[in-house]
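got a predicted structure plus its sequence, pasted below:
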Amino acid sequence: DAGVIQSPRHEVTEMGQEVTLRCKPISGHNSLFWYRQTMMRGLELLIYFNNNVPIDDSGMPEDRFSAKMPNASFSTLKIQPSEPRDSAVYFCASREWGGGETQYFGPGTRLLVL
Amino acid sequence: RKEVEQDPGPFNVPEGATVAFNCTYSNSASQSFFWYRQDCRKEPKLLMSVYSSGNEDGRFTAQLNRASQYISLLIRDSKLSDSATYLCVVIQVNRGRAQKLVFGQGTRLTINP
């Protein structure tokens, strides 16, 4: 299995631009999580989906952030407009619902907003 | 107060030493507990679950004290490859909804030759 796939791995953009991060969960996993990691705040859960439905988005920092999961094999996290304080590593993780509590993380997207 | 608190370290210990990390959590309704490991510029990976009875996996021992809301990780005979950041993770149920993982800030460990 290829594991959780994220793209791009690195993104550098200018303030005000739209950023779209992509995630492909492990096949057969039906829970998907988006996290953000910074030195100051550590690893924070932004939103998670069960069976493509958003369950808890209380961690989404503000309206500039949105996430979608149109099908079981794809999710996006969008930031529009981006700001320098959004610079972080964004991880996607997936889990097999009912198959234990272990989450498998993707390699992350390193985002730098100038 | 943070939901999950850890000593950020860094811990610098010689190879072969025993090192222990602690973690406290604030939500007494927390259900499950884990230690994850994160290598530099890599993603977190599950190290081990933490059970009330305590559990051991080779050189690693995890303990849970629900009364004190305290979790620990002990590494014996530390190896250079143990150098990483160790994340304490707690699963919470929010208002009867599905679970979410809450991560501590992590404790950075460096094993010196």
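Ah, there it is. Computed from a predicted structure; not experimentally measured.

where does the most centrally placed residue in chain A land in three-state SS?
Centroid check for chain A by C-alpha atoms, centre = their mean gives residue A:34 as the closest residue, at 3.2 Å. Classification of residue A:34 using DSSP: H, G, I helix; E, B strand; the rest coil returns strand.

ok, residue B:81 next?
Using three-state DSSP, the secondary structure recorded for residue B:81 is helix.

let me see the contact set for it.
Applying C-beta atoms under 8 Å, 6 or more residues apart in numbering or on different chains, we find residue B:81 in contact with residue B:111. Where C-beta positions appear, they are placed from N, C-alpha and C, glycine not excepted.

if I look at it, how far off is chain A?
Distance from residue B:81 to chain A, counting by C-beta to the nearest C-beta, to the nearest Å: 19 Å.

what is the neighbour count of residue A:45?
20 (other C-beta atoms under 10 Å in any protein chain shown).

my read is that residue B:33 contacts residue B:50, right?
Yes. Here residue B:33 reaches residue B:50: they are 3.9 Å apart, a contact under C-beta atoms under 8 Å.

tell me the residues on chain A that lie near chain B, please.
With C-beta under 8 Å from any C-beta of the partner chain as the criterion, chain A comes near chain B at residues A:31, A:33, A:35, A:42-45, A:48, A:50, A:55-56, A:58, A:91, A:101-103, A:105-108.

at 6 Å what do you get?
By C-beta under 6 Å from any C-beta of the partner chain, the part of chain A that sits against chain B consists of A:42-43, A:45, A:50, A:55-56, A:91, A:101-102, A:105, A:107-108.

cheers, nothing more for now.
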